[in-house]
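Novice: Quick check, what structure comes out for this input:
(2 chains)
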Amino acid sequence: MIVRIMGEGQVKLADGHFAELNKLDDELLEEMESGDEPGFRRTLHALLDKVRELGTPLPDDALEPSELILPAPDATLDEVRDMLSDDGLIPG
Amino acid sequence: MSGVMKRMGMIFRAKANKALDRAEDPRETLDYSYQKQLELLQKVRRGVADVATSRKRLELQLAQLNKQSSTLEDQGRKALALGREDLAREALSRRAALQQQVTDLETQHQTLQGEEEKLTLAAQRLQAKVDAFRTKKETIKATYTAAQAQTRIGEAFSGISEEMGDVGMAIQRAEDKTAQLQARAGAIDELLASGALDDSSGLAKDDIQSELDRLSGGTDVELELQRMKAELAGGSTAKQAIEPGQGTPQAQQPQDTPRFDKQ
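Specialist: The predicted structure is shown next:
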């Protein structure tokens, strides 16, 4: 599966790694919903590090659409919440 | 999976189909495709060159064999002339073996020539196709760039593209805030003007108060004028003695052209 880290690029991940990543991903969602900024930041970085560690970076000229997308490392909780709000990334 | 990753991915797919991923830029795809075609063309050309080289090598071998063959023929003729039939037979049998090789090589030569012609034709056709693709690619790229320029502003503001996402959101937030403040200011002004809201600062006034102020202000001016007139009438002599030539015109100015209207 191709995963994009916003502002960073794409990595290819074997499906077998997703169980591990899902845990962090669900944790991240919980922290986001509860407004736990420090926890959110910690988990986001852990998740991104894991993706970078387990994945193989795709070359810049690779023509692969991303199946999963992760916020940029410096994204704040509010920004991510905005992105995931009803309006999504594009208002309307 | 229901976390952030999945939701963001879904939002991207559902709402950002138009998002122009840098890696998915159609112009890059076209250039990549063109590059691949050029590589293929290069391979075909290399193939043509290889076949042509083999053909030339065969031609050299054939020329050499033909030369050897004619030498053996001469040798046979000379041997016969000298009465050495055995030698002549040897020479002719060697020549016969050479002739067989020549025939084989000629067959190979013909095959290679046919192949070379086919490859040359294929290379020419491919070249024409690649040229046509290049023209089309440049046209598409130009059209795409123009379309992209048109949509870029919209994208920047709506945060469609990944790069512009954050900027777009910041701008959106700033715009929302400005609009909100403007709306709020407008609403407060209206409420204050209608008297529905009291102005705690005491700066804004309702219609009635404004009119009262205007009227009383007018009275103040009249009173002030009268006071000044009385002053001038009573104390002009004394003032002139202290400041000759200055007091009268200036002191009379407010009477002729009132400068302030307290409304």
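
Novice: so where do the helices sit in chain B?
Specialist: B:4-15, B:26-81, B:85-158, B:162-194, B:207-242, B:247-256 (DSSP state H).

Novice: What of chain A?
Specialist: Going by DSSP H, chain A shows helices at A:18-34, A:37-54, A:77-83.

Novice: does the last one come close to chain B?
Specialist: Going back to what we said before, that points to helix A:77-83. Yes: residues of helix A:77-83 contacting chain B under CB under 8 Å from any CB of the partner chain: A:79, A:80, A:82, A:83. Just so you know, the C-beta spots here come from the backbone N, C-alpha and C atoms, and that holds for glycine as well.

Novice: Of the residues you listed - the most surrounded one?
Specialist: residue A:83 (24 neighbours; other CB atoms under 10 Å in any protein chain shown).

Novice: Pretty sure it sits against residue B:4.
Specialist: No: Residue A:83 lies out of contact with residue B:4 (CB atoms under 8 Å); the separation is 9.1 Å.

Novice: what's the overlap in contacts for the two?
Specialist: residue A:71 (CB atoms under 8 Å, 6 or more residues apart in numbering or on different chains).

Novice: tell me, which of the helices of chain B is the model least confident about?
Specialist: Of all these, the minimum mean pLDDT falls on helix B:247-256 (a mean of 45).

Novice: Nearest to residue B:95, out of the helices of chain A?
Specialist: helix A:37-54 (74.4 Å; CB to CB).

Novice: Tell me what angle the closest one forms with helix A:18-34.
Specialist: Computed with axes from the mean of the first three to the mean of the last three CA atoms, to 10 degrees, the direction of helix A:37-54 lies at 160 degrees from that of helix A:18-34.

Novice: So which elements touch helix A:37-54?
Specialist: strand A:2-5, helix A:18-34, strand A:68-70, helix A:77-83 (3 or more CB pairs under 8 Å, 6 or more residues apart in numbering or on different chains; DSSP states H and E).

Novice: Let me have those in TSV, adding distance to residue B:144 and mean pLDDT as columns.
Specialist: TSV is the format used below for those (distance: least, CB to CB, whole Å; pLDDT from 0 to 100):
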stretch	distance to residue B:144	mean pLDDT
strand A:2-5	22	85
helix A:18-34	35	88
strand A:68-70	24	84
helix A:77-83	27	83
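
Novice: How about the contacts made by residue B:123?
Specialist: Residues near residue B:123 by CB under 8 Å, 6+ apart: B:41, B:44, B:45, B:48.

Novice: Apply 6 Å and report the result again.
Specialist: B:44, B:45, B:48 (CB atoms under 6 Å, 6 or more residues apart in numbering or on different chains).

Novice: Whichever of the residues you listed end up buried, select them in PyMOL.
Specialist: Of the contacts of residue B:123, the buried ones can be selected in PyMOL as follows, counting by 16 or more other CB atoms under 10 Å in any protein chain shown:
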select buried, chain B and resi 44+45+48
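
Novice: could you redo the contacts of residue B:123 as a markdown table and give each row distance to residue A:74?
Specialist: As requested, those are exported to a markdown table (distance: CB to CB, whole Å):
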| residue | distance to residue A:74 |
| --- | --- |
| B:44 | 50 |
| B:45 | 50 |
| B:48 | 55 |
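
Novice: Output the contacts of residue B:123 as TSV; include the columns distance to chain A.
Specialist: Below are the contacts of residue B:123 laid out as TSV (distance: CB to the nearest CB, whole Å):
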residue	distance to chain A
B:44	24
B:45	25
B:48	29
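
Novice: Closest to residue B:133 out of the contacts of residue B:123?
Specialist: Nearest to residue B:133 among the contacts of residue B:123, counting by CB to CB, is residue B:44 at 15.0 Å.

Novice: Find the residue at the geometric middle of chain A.
Specialist: Centroid check for chain A by CA atoms, centre = their mean gives residue A:70 as the closest residue, at 2.1 Å.

Novice: for it, what are its contacts?
Specialist: Contact analysis of residue A:70 by CB under 6 Å, 6+ apart lists A:5, B:5.

Novice: Quick check: the gap between it and residue A:20.
Specialist: 15 Å (CB to CB, to the nearest Å).

Novice: swap in residue A:46?
Specialist: 11 Å.
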